[in-house]
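K.L.:
Provided below for reference: sequence and predicted model.
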Amino acid sequence: MEKQTFKIAIDAPREKVWNVLWADDSYPTWTAPFAEGSQAITDWKKGSKVLFTDGKGSGMVSKIDESVPNEFMSFLHLGMVKDGVEDTTSDEVKAWAGAHENYTLKEAQGKTELEVEIDIDENHKEYFVDTFPRALQKVKELAEA
C-alpha cells in the first residue's frame, strides 16, 4: 500500500464543501466518475458502517473511523460488496483491507482546501490517479454553484 494525496482549492466555505461531500443529493453527482449511480448508505457518525455502492449492489464496506464536521472524515475500508453480499475475508479483500481514505478541509486564503489522502495498492493506483481529480472537480463545481 502507498499513500496518494489529491488536493483542490474551492471558492466556498468549509461547511458548504462538507455538505456537498456527504449529502445524499450531491454525493452521487461528485462520485459519478467512480461509478454512475454511486451512493453511500450510512448515518455519517463515527464508528458507523458505510456501504459505498454503485447502485447495482456492488461496492465497498467501510467504517467511519473519525468524523469532525466541516474539518475531517476518515473511512477505514473493511471489504467489498458483490451483488449485495459483504466480503471481508477473501484473499482479494485481505490485500487491501485496513486501507484509509481521509478527507481534510482547511480554510486557506479565503477558500477551502480539500485534501484527500488514500491508501492504495499498485493494482488500483492508475485508476485513482485518473479518477480522483475528476471527482474533486465535481465537488468544486457543486460547492461553487
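P.N.:
Looks like it came in fine.

K.L.:
chain center to stretch 108-116: distance?
P.N.:
17 Å (Cα atoms, centre = their mean, to the nearest Å).

K.L.:
Tell me which residues are up against it.
P.N.:
For stretch 108-116, contacts defined as Cβ atoms under 8 Å, 6 or more residues apart in numbering pick out 5-14, 16-17, 21, 101-107, 132, 136, 139, 143. Where C-beta positions appear, they are placed from N, C-alpha and C, glycine not excepted.

K.L.:
Mark which of these are buried, thanks.
P.N.:
Buried by 16 or more other Cβ atoms under 10 Å: 6, 8, 10, 12-14, 16-17, 21, 101-105, 132, 136, 139, 143, out of the contacts of stretch 108-116.

K.L.:
okay, and the helix or strand of this protein with the least pLDDT?
P.N.:
helix 91-94 (a mean of 88; mean pLDDT, DSSP states H and E).

K.L.:
and that one, what does it pack onto?
P.N.:
strand 72-82 (3 or more Cβ pairs under 8 Å, 6 or more residues apart in numbering; DSSP states H and E).

K.L.:
For the following helix or strand past the strand it packs on, which strands pair with it and how are they oriented?
P.N.:
Downstream of strand 72-82, the first helix or strand assigned by DSSP states H and E is strand 85-87. Using DSSP bridges, strand 85-87 pairs in its sheet with strand 72-82 (antiparallel).

K.L.:
Any idea what the residue positioned nearest the centre of the chain is bridged to?
P.N.:
Centroid-nearest residue in the chain, with Cα atoms, centre = their mean: Glu101, separated by 6.4 Å. Partner residues in beta bridges with Glu101, using DSSP bridges, are Phe75, Ile118.
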